[in-house]
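Peer 1: Have a look at this fold, sequence not included:
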């Protein structure tokens, strides 16, 4: 029969081995999480700035999983945007957004923009419908990178990250860095979601599962 002391020693040993058995995976602290399950706008977002007949509203049938935030319009030449009410300190920050688009004939775009404290756009991922592609950009001289992205309602993961050494990157669907910019200025960042619509039949853009973690 195993003694009580022996059992206690085995328990301590088992607890010590748990990180090794799980691969020692570190969980990143979450600074912000948004799935749009509580409506929009909530205290997480500013009141949308709208021109023309554009709108930003919850779509209960679309998402990853549903619901999601849908930006669309009912008439030509309009726009809508909203910002996080919270700011996030960088370096050592990762901002992730799931985004999708549905077809429309006019030249339009949906975007995920990273704002500094002024606020100015310092990085962006812009999804155009004509041609159907996403352009990834970081201020400071880094060359833009463009990836094809069909307007078929499928969600794609857009990730902006700034390392502890100040290297900023954009990545797409878990792939390697598309754009890399060293020396990215430290400071507070916000996330802006937006869409701009031209004349004619317009596409719709969807945003979901937005997270900000460190690193």
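Peer 2: Okay, I see it. Keep in mind the model is a prediction, meaning the values are calculated, not measured.
Peer 1: contact partners of stretch 97-107?
Peer 2: Stretch 97-107 is touched from outside by 62, 64, 68, 76, 110, 112, 125, 127-130, 132, 149, 151-159, 191, 193, 197-210, with contacts defined as C-beta atoms under 8 Å, 6 or more residues apart in numbering. Any C-beta I mention is one placed from the backbone N, CA and C, and that applies to glycine too.
Peer 1: So how do I select the buried members of the residues you listed in ChimeraX?
Peer 2: For anyone working in ChimeraX, the buried entries among these, judged by 16 or more other C-beta atoms under 10 Å, can be selected with:
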select :62,64,68,110,112,125,127,128,129,149,151,155,156,158,159,191,193,197,198,202,203,204,205,206,207,208,209,210
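Peer 1: any idea how far residue 209 is from the spatially most central residue of the chain?
Peer 2: Against the mean C-alpha coordinate of the chain, by C-alpha atoms, centre = their mean, the closest residue is residue 97 at 2.1 Å. Using C-beta to C-beta, to the nearest Å, one obtains 7 Å as the distance from residue 97 to residue 209.
Peer 1: same thing with residue 166?
Peer 2: Taking C-beta to C-beta as the measure, residue 166 falls 27 Å from residue 209.
Peer 1: and what of residue 184?
Peer 2: Taking C-beta to C-beta as the measure, residue 184 and residue 209 are separated by 24 Å.
Peer 1: Please apply the same query to residue 130.
Peer 2: When distances are taken as C-beta to C-beta, residue 130 and residue 209 turn out to be 26 Å apart.
Peer 1: Could you do residue 88 as well?
Peer 2: Taking C-beta to C-beta as the criterion, residue 88 is separated from residue 209 by 17 Å.
Peer 1: same thing with residue 142?
Peer 2: Between residue 142 and residue 209 the distance is 26 Å, computed by C-beta to C-beta.
Peer 1: do residue 96 as well
Peer 2: For residue 96, the distance to residue 209 under the criterion C-beta to C-beta works out to 7 Å.
Peer 1: Find residues that contact each of those two.
Peer 2: If you check residue 96 and residue 209 against C-beta under 8 Å, 6+ apart, no residue is contacted by both.
Peer 1: Just give me the neighbour total for residue 196.
Peer 2: Taking other C-beta atoms under 10 Å as the neighbour definition, residue 196 ends up with a count of 22.
Peer 1: Could you find the closest non-adjacent residue to it?
Peer 2: In space, residue 196 comes closest to residue 79 once its chain neighbours are excluded; the distance is 4.4 Å by C-beta to C-beta, 6 or more residues apart in numbering.
Peer 1: just residue 193 next, same as before
Peer 2: Once its chain neighbours are removed from consideration, residue 193 has its nearest residue in residue 207; the separation is 5.1 Å (C-beta to C-beta, 6+ apart).
Peer 1: pLDDT score for that neighbour?
Peer 2: Confidence at residue 207, expressed as pLDDT, is 98.
Peer 1: try residue 66
Peer 2: The per-residue pLDDT reported for residue 66 equals 96.
Peer 1: And for residue 137?
Peer 2: Each residue has a pLDDT score; the one for residue 137 is 98.
Peer 1: how would you label it: helix, strand or coil?
Peer 2: Put simply, residue 137 is strand when judged by DSSP: H, G, I helix; E, B strand; the rest coil.
Peer 1: I figured it hits residue 113, correct?
Peer 2: No - with contact defined as C-beta atoms under 8 Å, residue 137 does not reach residue 113; the gap is 9.4 Å.
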